[in-house]
Structures are given as C-alpha cells and as structure tokens.
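Trainee: got a predicted structure plus its sequence, pasted below:
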Amino acid sequence: QVGFFESGEDASPVTLPKLDELPLSELLKMEYEVAGMYLSGHPMTPYAAWYKTKQIIRTDRLFARAEEDADTLDGTTVTVAGLVSSIREQNTKTGAKMAYCRVEDLYGAVEAVVFPKTLAQYGEMLQIGSIIQLRGRVDVGEDGPLKLLCEQVALLPVDPPAETAQQPAKKIAAGLYLRLSGEDTSQYRQVLRLLRVFEGKDDVFIHFTDTSKTVKMGEKYRVMRNPVLLQELMRLLGEENVKSV
C-alpha cells in the first residue's frame, strides 16, 4: 500500500488511450461557449448547398428584398434553413404558450414568431442547437425588424460530409473579434475609423458573413480594448457581434 502522494516503486505507468477527434459540431459548440461566436467554421457549413435551391432563401437576401420592396414581400411565404440560436417563450392573454425563435444561417439571422398551435406541434424540434428548415409568412412590421410567422418546421438531416466532420477547430487567439456582413459596407468603414482612434497592442479579427471568412487585421488596426471602444462597437454592430477574448 502507498499513500496518495507517494510514487511507489512498483507503480505501473499509466498509458492514456488514443481517442478519435470529436465531431465538428461538438468542437464548434465548445468554441462558441468560449468565444461567444463561431470562428473556425459554422454548424450550417455542411448544408451550404441547401441555400442554392429555390426553396430556401438566405436571410441576408430576405432582408435585402424587404428594403427594396417591403409591400410586395409582406405576407408572402418563404422558407429558411438554419440553427436555432435562441428561443424565448411567453404566455398569451389566454394563458397559452407561444415563442420567439432566432434562426441563424451562414449569412445572418431572422426571428420567427411561433404561435401556440404551431408551438404545440413543432415545439420538440425548436430547441437551441437544432438545425431546422422553417416555413413562415413574412411580417414586415413598422415597429420593428422583419419577422417570420412560423407555419411549419422540419429537422434537417444530420449527415455532414465525412471530410468536414474530421476537421479540428482552430485554436482561438486572444484579441477582439467582430462580425460584419461584408467589407463593402458603411459599418465596416466606421469600424476601421474606431479602431484607428483606439490604437493599442491587441489584435483584431473580423468575421465577414458574406464570405464566411475570418480576417486578422494588420498592425495599424491593433487596439486597446477599453470599455469605451467596446461600447461603441456594440452600439454599431450589436452586442452579439462583438467579443473580447
């Protein structure tokens, strides 16, 4: 017998087993828990081909159509495919449960309103982390952003390509991470001006949703991460698109 802190001459060496890499979905989930956003990939990447069909509309194109012709789009039925990133339930005046569900694809996100009858039918599918296809009527309201009034929900098949499932997630570097729709936007130009004002030593990484690429900015855009800068960036981009790691 030996004590817990004694080595013991007869102690056998411990050999750790070799385990297979976790699936990409699990690696991305852990990455999101640490950084608050997906950096090395996205759970919807294996389903990129779905956005090329006429049945599925990308969220960025949905909002672009709303800006071009909201009256024509309002009330039409569309189908989106994406990850359920959040869901909030509340009771109606009659006591029935309804929900507000955020569906995120490779290009943005849209909120879906799920009324009681629809929630009772599809509630088991509407869980955070579920990858779904959602069909609903467009509601271009005057008092807020575009929403979808959910009519049908279906789970997408869990069948990512083998080569994608084996890719390990990249190590998350320390720095300031931002998410933008693209380089050719007024937001991007405003961000660059802010970064130049708050000069420092911290690296800045920008993820562009239109290309699904994360870019490390040059040395002249290194910043000092202080509360004023973070507050201004959150006001400009939204709190969910600004992360300090």
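Mentor: Sure thing, it's come through.
Trainee: can I assume Met125 is in contact with Leu156?
Mentor: No: here Met125 lies out of contact with Leu156, judged by CB atoms under 8 Å, at a distance of 10.2 Å. (C-beta placed from N, C-alpha, C; glycine too.)
Trainee: in the helix or strand Arg193 falls within, which residues are buried?
Mentor: Arg193 belongs to helix 186-197 when elements are defined using DSSP states H and E. Using 16 or more other CB atoms under 10 Å as the test for burial, helix 186-197 gives 188, 191, 195.
Trainee: go on, stretch 72-82?
Mentor: Buried residues in stretch 72-82 (16+ other CB under 10 Å): 73, 78-82.
Trainee: which ones among the residues you listed are found in helices?
Mentor: If you go by DSSP state H, those have Leu73 in helices.
Trainee: tell me which of the buried residues of stretch 72-82 is nearest to Arg102?
Mentor: Closest to Arg102 out of the buried residues of stretch 72-82 is Gly82 (8.9 Å), distances taken as CB to CB.
Trainee: any idea how far the closest one is from Tyr47?
Mentor: According to CB to CB, to the nearest Å, Gly82 stands 9 Å off from Tyr47.
Trainee: rank the helices and strands of the chain by mean pLDDT and give me the bottom one.
Mentor: Lowest by mean pLDDT, DSSP states H and E among the helices and strands of the chain is helix 162-165, with a mean of 39.
Trainee: pLDDT on stretch 129-142, on average?
Mentor: Averaging pLDDT along stretch 129-142 yields 90.
Trainee: what's the offset of that stretch from the middle of its chain?
Mentor: 16 Å (CA atoms, centre = their mean, to the nearest Å).
Trainee: buried ones in it?
Mentor: 130-136, 138-140.
Trainee: which of those fall within strands?
Mentor: Those of the buried residues of stretch 129-142 mapping onto strands are 131-136, 138-139, per DSSP state E.
Trainee: how about Phe205, what does it touch?
Mentor: Applying CB atoms under 8 Å, 6 or more residues apart in numbering to Phe205 gives the contacts 39, 173, 175-178, 214-217.
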